[in-house]
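K.L.:
predicted model follows, preceded by the sequence.
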Amino acid sequence: MPAIGIDLGTTNSCVAVVIDGKPQVIRDDVGNPTTPSYVSYRSGGAIVGRLAKLDAIEAPSEVVYSAKRLIGRAADAPEVSKAAEVCSYQVIKNSDGEIGIRAGSATTTPGDVSTTILTYLKDLAQGSLGAAPTGVVITVPAYFNDRQRKATKDAGERAGLKVLRLVNEPTAAAIAYGFGKDIEKRVAVYDLGGGTFDISVLDISEGVYEVVGTHGDSYLGGVDFDNRLVTHLIRKHVLPRSTVTVDKLSLLRLRQAAENAKIALSTEPTALISLPSFLGLDRLEVTIERGELEELVKDLVQQTIGVCEQCLTHAKLSKGEVDEVILVGGMTRMPMVRRAVEAFFGKAPRTDVNPDEAVAVGAALQAHSLEEGDEKILLLDVTPLTLGIASFGDLFSPVLPKNTKVPVSLTRTFSTVRDEQESVEIVVLQGESNKARENTFLAKFTLTNIPKMPRMQPKIDVTFRLDADGILHVSARDQATGLEQQIDVKEFLDKKEPMGSTASFRDKDFPKLKDAK
Amino acid sequence: MDDHRRNAPRHDVFLPFEIEGRAVSSNDYVADLSVTGAYVRTLEPLPLRTRLHLTITAPKSGRRIAFDGEVMRVIEPEQAPSESLPPGMGISFLDLGGGDPRPKATEILVELSILEKERPPEAPKPAPSDVKDPLVVEGLVRLDGFLATARKQNLYEILGIDAATATPDQVKKHYHRRSKEFHPDRYHRFRTPEIDAKVEEVYGLLTKAYETLRDPGKREAYDRTHGIRETLEFRRAAAKQRYDLAIDLGTSGRFFAATVGLKVALALDPGNADIQRKLDEIERSKRFFTT
């Protein structure tokens, strides 16, 4: 009974398995290798996939999509209001500060929508394999933070899956690329999906996949390309001709038409958008040229190249040191994206990787390796985001820098900022801003009973330990007394503490770095 | 994977018995007992289908319990296939008027299980926590073995590379090789808290070695603060000494001794181009060379 790999995408999802040493994608009843990440609540129950996407045309407010853009985020995050603006379902703030979703008469959460999709994929696998999968590797964007990761893992467990590991999407794609090849190469994976963008650089040799750099934007993907086209169509072709207010149904029809046109323009020079009885018009008919679309989204493409540049800088690598470039994610079919990638890396990207299936295949290979002890693959991954604590003056003091190998344990020494200060507040954060409040809050605890001393005298060791499961343990220990406080970030988040921002903590209780390294 | 862990405990049955009308050797005994029959270990089994009256002595009470039976299987001494099936005969219990054999057999089995529970634990018998998955045992041996030496080693030794000559590529390659042996994923199938803790320690050491030695700045600082540089300088000085001696030997025509000396010098200071050049020269020409 095998373990499976699931690529839980923003717009499409895919499930794969390894049978007799060979990875294969599990197809649905009509032979589709991927499933639209749509859930329809129209019928009272929850319908997933192709049928739900069709439902969206008739009952847009009762169908949920792009839930991945919301999962694990704070209800008041800017990305959430941005997503809510363009969604045809309702995004609300629950009383506990978490995001809620209202779709028709159903009330749900982004996590539960993911659970529903994962359950569907699990059942699909079970139907095909004739047995329940023993475990699963689910992929997440490399740039997902710990809250988003935890929410994804919880969704998997609620779907009745044993989540062996979460693996970063570009890493999984690299495994799919390297599998069965005897290569020794430095490979860049450019992964532009429906909702997120990641770039990862890996050194592959003798079946070892070592991530040497990773960067990304967890809110940049094909959906944003569609939005650009939709806005353009409304401004240029609808508003000048119609006085009817744009409603959600029309918006969704237009969005799906725009998505189809965008896909068509990857292979055709022009695409026709034709919507009968649209917003008071007999028919909205617009021909879009490839160049027109490119003009609308070129800054988005450029944004991804900027992220690539940052990735190489952080990893202290030059473009010339990259041997191969792999493209993953449906958006990389766009010729303009390929041109931009080729121009940046100075080499043509490889085209022998299936951009829709590689991530799920890599996840299946990793699941198989873990469960069966198959030693052909070994993944050496890193922390994609810096982990640290808030220190006095709204500063962010990193303890585990990004691109640190896991598992790992590192310690930095802090002290007090006031004379006779008897306690310090340890606020665990994740992100790249040097301002504490701009990073993602993960957990907090207080170290008390520090002996009264002049400020900057006590020595408080703060240790961050990331275990093999990716769970972060933070401890603070007073060197003088040996007193220690510690916290398991996963358990802290389990308690469903409000997502609170660091602004609400008392800056004056934050410690200060002892070593000025 | 479960079979070697989940095996029901085997109790060796060792029960005295008598067979009506037949002398029983003191070496014979009932070696296996169930409610339907018994296996009698003996070097002189009775012929197949022999009907007999068997009296077994219950192990705790000492009561003698009689059964009717029939020989259903015979293993002659010369045909005994293995230690697990010694010579003897299998007897099926029958009811030939002496009553249902099953409750009688059950009485004996109950006494056996009571005795089993009362038996004091044998001194060297491993505690249950030591009955481990062989993969766990093997993993712990590997991890402990590595830790025992690694705690005393410098970072170069931990990765198994030479401080004087290791290139960044070799640092990476050796880290990858060690990772294949010690990365937590390799222990995923037989995780225990003990394994987890040791893997984390081992892999932490390996990663520290890798992170330090792959970065030229950090490597230099490490060499300086950990006496590596002194070691390297010492080796270079020793190499220089051998080199000078080899040149002298060569000058006086002792080419073979000179070659050996140069090879030793090169082993001490493998990156030294001068030594390499002289060695190439002498090996190529087999003639003498100028200093």
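P.N.:
Looks like it came in fine. Residues are numbered from 1 along each chain as shown, chains lettered A, B, ... in the order given.
K.L.:
residues touching the nearest residue to A:L293 once chain neighbours are set aside, list them.
P.N.:
Residue nearest to A:L293 in three dimensions, not counting chain neighbours: A:L265, with 5.3 Å by Cβ to Cβ, 6 or more residues apart in numbering or on different chains. (Each C-beta comes from the backbone N, C-alpha and C, glycine too.) For A:L265, the contact set (Cβ atoms under 8 Å, 6 or more residues apart in numbering or on different chains) comprises A:A271, A:I288, A:E289, A:R290, A:L293, A:M334.
K.L.:
same check on A:E268?
P.N.:
Applying Cβ under 8 Å, 6+ apart, one finds that A:E268 lies in contact with A:R290.
K.L.:
mind listing what's buried along stretch A:272-280?
P.N.:
A:I273, A:L275, A:F278, A:L279 (16 or more other Cβ atoms under 10 Å in any protein chain shown).
K.L.:
now intersect these with the strands, please.
P.N.:
A:I273, A:L275, A:F278 (DSSP state E).
K.L.:
which of those lies closest to chain B?
P.N.:
Distances from chain B to those, taken as Cβ to the nearest Cβ, are shortest for A:I273 (48.4 Å).
K.L.:
doesn't A:L284 make contact with the closest one?
P.N.:
Yes - counting by Cβ atoms under 8 Å, A:I273 touches A:L284, with 6.9 Å between them.
K.L.:
anything in contact with each of those two?
P.N.:
Taking Cβ under 8 Å, 6+ apart as the criterion, A:I273 and A:L284 both touch A:L233.
K.L.:
got the contact list for the helix or strand that B:K117 is a member of?
P.N.:
Here B:K117 sits within helix B:101-118, counting by DSSP states H and E. Contact with helix B:101-118 is made by B:11, B:13, B:15, B:33-36, B:38, B:56, B:58-61, B:63, B:65-69, B:93-95, as judged by Cβ under 8 Å, 6+ apart.
K.L.:
measure how buried A:T481 is and give me the count.
P.N.:
By other Cβ atoms under 10 Å in any protein chain shown, the residues close to A:T481 number 11.
K.L.:
next, give phi and psi for it.
P.N.:
phi -100, psi -20 (degrees, to the nearest 10).
K.L.:
tell me the secondary structure of the closest residue in space to it that isn't next to it in sequence, please.
P.N.:
Spatial nearest neighbour of A:T481, excluding adjacent residues (Cβ to Cβ, 6+ apart): A:P451 at 6.5 Å. For A:P451, the assignment made with DSSP: H, G, I helix; E, B strand; the rest coil gives coil.
K.L.:
now do the same contact list for A:P451.
P.N.:
Neighbouring residues of A:P451 by Cβ under 8 Å, 6+ apart: A:P458, A:D478, A:A480, A:T481.
K.L.:
before we move on, back to that, ok, the residue nearest to A:L293 to chain B distance?
P.N.:
42 Å (Cβ to the nearest Cβ, to the nearest Å).
K.L.:
okay, the residue in chain B positioned nearest to chain A: pLDDT?
P.N.:
In chain B, the residue that lies nearest chain A is B:P184 (3.5 Å; Cβ to the nearest Cβ). In this model, B:P184 is scored at 93, pLDDT.
K.L.:
again, but for B:F289
P.N.:
Residue-level pLDDT assigned to B:F289 equals 50.
K.L.:
about what we covered before: in a markdown table, list the contacts of A:L265 along with neighbour count, pLDDT and secondary structure.
P.N.:
Formatted as a markdown table, the contacts of A:L265 follow (neighbours: other Cβ atoms under 10 Å in any protein chain shown; pLDDT from 0 to 100; DSSP: H, G, I helix; E, B strand; the rest coil):
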| residue | neighbour count | pLDDT | secondary structure |
| --- | --- | --- | --- |
| A:A271 | 23 | 97 | strand |
| A:I288 | 21 | 96 | strand |
| A:E289 | 13 | 97 | strand |
| A:R290 | 19 | 97 | helix |
| A:L293 | 22 | 97 | helix |
| A:M334 | 22 | 97 | coil |
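K.L.:
mind checking which of the contacts of helix B:101-118 land in strands?
P.N.:
Using DSSP E, the subset of these located in strands is B:L33, B:A38, B:I56, B:I65, B:A66, B:F67, B:D68, B:G69, B:F93, B:L94.
K.L.:
show me which of those are buried.
P.N.:
B:L33, B:A38, B:I56, B:I65, B:F67, B:D68, B:G69, B:F93, B:L94.
K.L.:
which residues touch the closest residue to the third one other than its chain neighbours?
P.N.:
By that I understand B:I56. Here the nearest residue to B:I56 in space, its sequence neighbours aside, is B:F17; by Cβ to Cβ, 6+ apart that works out to 4.8 Å. B:F17 sits next to B:V24, B:D28, B:Y29, B:V30, B:A38, B:V40, B:L54, B:T55, B:I56, B:T57 when contact means Cβ under 8 Å, 6+ apart.
K.L.:
tabulate the residues you listed (TSV), appending pLDDT.
P.N.:
Output for the contacts of B:F17, formatted as TSV (pLDDT from 0 to 100):
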residue	pLDDT
B:V24	76
B:D28	85
B:Y29	84
B:V30	87
B:A38	88
B:V40	88
B:L54	89
B:T55	89
B:I56	89
B:T57	85
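K.L.:
for A:A84, state which of these is nearest.
P.N.:
B:A38 (78.9 Å; Cβ to Cβ).
K.L.:
who does that closest one bridge with?
P.N.:
Following DSSP bridges, B:A38 is listed with bridge partners B:L33, B:I91.
K.L.:
correct me, but it touches B:G88?
P.N.:
No - the criterion here is Cβ under 8 Å, and B:A38 misses it with B:G88 at 9.8 Å.
K.L.:
any stretches of the stretch 151-291 of chain B with poor pLDDT?
P.N.:
Residues of the stretch 151-291 of chain B that meet the criterion pLDDT under 70 lie in B:285-291.
K.L.:
if we go to 50?
P.N.:
For the stretch 151-291 of chain B, the stretches with pLDDT under 50 are B:290-291.
K.L.:
residues from it in reach of chain A?
P.N.:
Within the stretch 151-291 of chain B, the positions near chain A by Cβ under 8 Å from any Cβ of the partner chain are B:172-173, B:176-177, B:179-180, B:183-186, B:188-189, B:196, B:199-200, B:203-204, B:207, B:210-211.
K.L.:
residue boundaries of the helices in the chain?
P.N.:
All of this refers to chain A. Along chain A, counting by DSSP state H, helices occupy A:50-58, A:78-86, A:110-129, A:146-158, A:169-178, A:222-233, A:248-264, A:290-314, A:335-345, A:358-372, A:489-494.
K.L.:
please go with chain B instead
P.N.:
B:3-6, B:101-118, B:134-150, B:155-159, B:168-182, B:193-213, B:216-225, B:228-251, B:255-268, B:273-285.
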